[in-house]
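Novice: need a 3D model of the sequence below.
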Amino acid sequence: DRAVNDRGIGLDTELCEALLLCDEANTEDAVASVAGELGMSVIEVRAAARSPQQFCAITGADDARKGTVVGIDHPLARARQALASIAAGKLRAGLARVSDDGRLRDTHRYYGGHTGRWSGKGMQLQNLPRPDKRYEEWTDAQICALAGAVREGRYIASAPEINLLLRATLCAGLGSTFAVCDFSGVEARALAWCAGDLDALDTFASGKDPYKVAAAEIFGVSYEHVDKPMRQVGKIAELACGYGQGGAKFAETAAAMGADLEAAGVDSFEVVARWRKLHAPTVEFWAQVEAAFRKAVQGGESELAGCTFQPSSDGGDVAIFLPSGRPIVYPGARLTTGSQGRRGTSIVFDGGVTGEEYTYGGKLVENLIQALCRDLLANALVGAERAGLCPVMHVHDEIVCEVPENAGKEGLAELHRIMTMLPDWATGFPV
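Specialist: Sure, this is the predicted structure:
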């Protein structure tokens, strides 16, 4: 971990500065346009867009959070979005932290999450904006040409182009290239493996598209007759339903991901019910994990799916020991009645600065799966470091190594070998 942070990753500072100028130009244009539409001065628009109170008063919005602003059809919403550019914040953070040798260091915070996952620092490489779909077919040459025109000041990049080029600011050193590899669908595979969902494991083994398999069940058609809109619903269901999401929440998730369930001819509650039928062992696993955790809260120990649920000696905390042997600790875990208006007894624990936190079977399973996948990533990072592949960053389930340019293909092949070479505790995992 320390090696990755100290090694750092190259940052194209000239491109960063040029993209910031583009962002400023785009923001000025957006604010001026809104000022003209609303009959306000530029200064008034900036003040109103930046103030949540003024923004809500003028637009009638309930709040000024990002998710709310995106769905508002009002000129001031455009100004607020332009002034709150995520890309600009990341570019400034990168320029503020880059070392004299042009490398960005100390970007990963070890054990940044409760499950042991890393989190980001500074430029926050863990959540770079996803490039617009229009650029999916672009070649390296097209991206490099755009970056060159922006860097030299010959072209003002639009907001979508800035999001695309934000990734291009991260670069390998002279004479080097990146070898990049990520675990495919690792959380879905881990969930099926832990829950003993044999049908899901067979799907992964067969090479079939799991999103199409889900869509076939949801829409009651054969695998071969699943079309693109059906597959999108199947994909969202596979990504969203694994930890107990219900029909109402699924409707929100589908809308946020651009799926029109009504046009597809399905109801959100219907989708959830059919997904749960397809993955019955997973649904049962939620209940089993919650039962094991409740037993530990009451002083008992149990084992499930290679994990041990164990209370602390003083009975104050509960730990889930993962197959790797690493624990996820829940301080002050206890059962309470009437928590947040819920019926029966609920599981709560002390969340530190967040205060008392409520949890349940699906959420505990999510913690367990994320932690297990984190351990697979950690194992692969150590392997890549020992093999001399020089990891320079990692994002979620993806590892980026910097290798000699003339050995790029060999480096990628070695990284792939390391990431598919499982530790003893993960024997049989469908990686």
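
Novice: can you list the low-confidence ranges for the protein?
Specialist: Scanning the chain for pLDDT under 70 picks out the ranges 338-342.

Novice: for the stretch 51-200 of the chain, what spans make up the helices?
Specialist: Counting by DSSP state H, counting those that start in this stretch, one finds helices in the stretch 51-200 of the chain at the ranges 52-59, 66-70, 75-83, 86-97, 140-151, 159-168, 186-195, 198-206.

Novice: could you do the stretch 301-431 of the chain as well?
Specialist: In the stretch 301-431 of the chain, the helices defined using DSSP H, counting those that start in this stretch lie at 361-386, 408-419.

Novice: pick the most buried one from these.
Specialist: Most buried of those by mean neighbour count (mean count of other Cβ atoms under 10 Å) is helix 361-386; its value is a mean of 21. C-beta coordinates here come from the backbone N, C-alpha and C atoms, glycine included.

Novice: which other helices and strands contact that one?
Specialist: Using 3 or more Cβ pairs under 8 Å, 6 or more residues apart in numbering; DSSP states H and E as the contact criterion, the elements in contact with helix 361-386 are helix 2-7, helix 186-195, helix 280-297, strand 318-321, strand 327-330, strand 391-395, strand 398-404, helix 408-419.

Novice: now it against strand 398-404, angle please.
Specialist: 10 degrees (axes from the mean of the first three to the mean of the last three Cα atoms, to 10 degrees).

Novice: wait, S222 sits on V213?
Specialist: No: proximity of S222 to V213 does not meet the contact threshold set by Cβ atoms under 8 Å, at 10.8 Å.

Novice: settle it for me: which of the two has more neighbours?
Specialist: When neighbours are counted by other Cβ atoms under 10 Å, S222 and V213 differ, and V213 comes out ahead with 22 against 8.

Novice: off-centre distance for whatever helix or strand that one lives in?
Specialist: Counting by DSSP states H and E, the element that carries V213 is helix 210-219. Its chain's average C-alpha position is 23 Å from that of helix 210-219, according to Cα atoms, centre = their mean, to the nearest Å.

Novice: tell me the helix or strand right after it.
Specialist: Sequence-wise, the next helix or strand downstream of helix 210-219 (DSSP H and E) is helix 228-240.

Novice: dump the helices and strands packed on helix 361-386 into TSV; add distance to P75 as well.
Specialist: Listed next are those as TSV, based on distance: least, Cβ to Cβ, whole Å:
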stretch	distance to P75
helix 2-7	43
helix 186-195	40
helix 280-297	45
strand 318-321	50
strand 327-330	47
strand 391-395	35
strand 398-404	38
helix 408-419	48
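
Novice: closest one to Q370 among these?
Specialist: Nearest to Q370 among the helices and strands packed on helix 361-386 is helix 186-195 (7.0 Å), distances taken as Cβ to Cβ.

Novice: who touches that closest one?
Specialist: For helix 186-195, contacts defined as Cβ atoms under 8 Å, 6 or more residues apart in numbering pick out 197, 200-201, 204, 210, 238-239, 242, 279, 281-282, 284-285, 305-307, 365, 368-370, 372-373, 376, 397, 428-431.

Novice: quick revisit: wait, which of the helices of the stretch 301-431 of the chain is closest to A93?
Specialist: helix 361-386 (23.5 Å).

Novice: re the thing from before, can you give me the buried ones in the helix holding V213?
Specialist: Of the residues in helix 210-219, those scored as buried under the neighbour-count criterion (16 or more other Cβ atoms under 10 Å) are P210, Y211, K212, V213, A214, A215, A216, E217, I218, F219.

Novice: now the angle between helix 186-195 and it, please.
Specialist: Here helix 210-219 runs at an angle of 70 degrees relative to helix 186-195 (the same axes, to 10 degrees).

Novice: for the closest residue to N379 other than its chain neighbours, grab phi and psi.
Specialist: In space, not counting the residues next to it along the chain, N379 is nearest to P423; the distance is 5.1 Å by Cβ to Cβ, 6 or more residues apart in numbering. Torsion angles at P423 (phi, psi; degrees, to the nearest 10) stand at phi -70, psi 160.

Novice: G10 now?
Specialist: Here the main-chain torsion angles of G10 (degrees, to the nearest 10) amount to phi -60, psi 140.

Novice: which non-adjacent residue is nearest it?
Specialist: On the basis of Cβ to Cβ, 6+ apart, the spatially nearest residue to G10 that is not a chain neighbour turns out to be C171, at 4.4 Å.

Novice: and what of G246?
Specialist: Using Cβ to Cβ, 6+ apart, the closest residue to G246 is V272 (6.2 Å).

Novice: what's in contact with the helix or strand encompassing the one you found?
Specialist: Secondary-structure element containing V272, defined by DSSP H and E: helix 268-278. Residues outside helix 268-278 that contact it (Cβ under 8 Å, 6+ apart) are 199, 213-214, 217-218, 233, 237-238, 241, 245-248, 250-251, 254, 261, 282-283.

Novice: that helix versus helix 210-219: what angle between them?
Specialist: Using the same axes, to 10 degrees, helix 268-278 lies at 110 degrees relative to helix 210-219.
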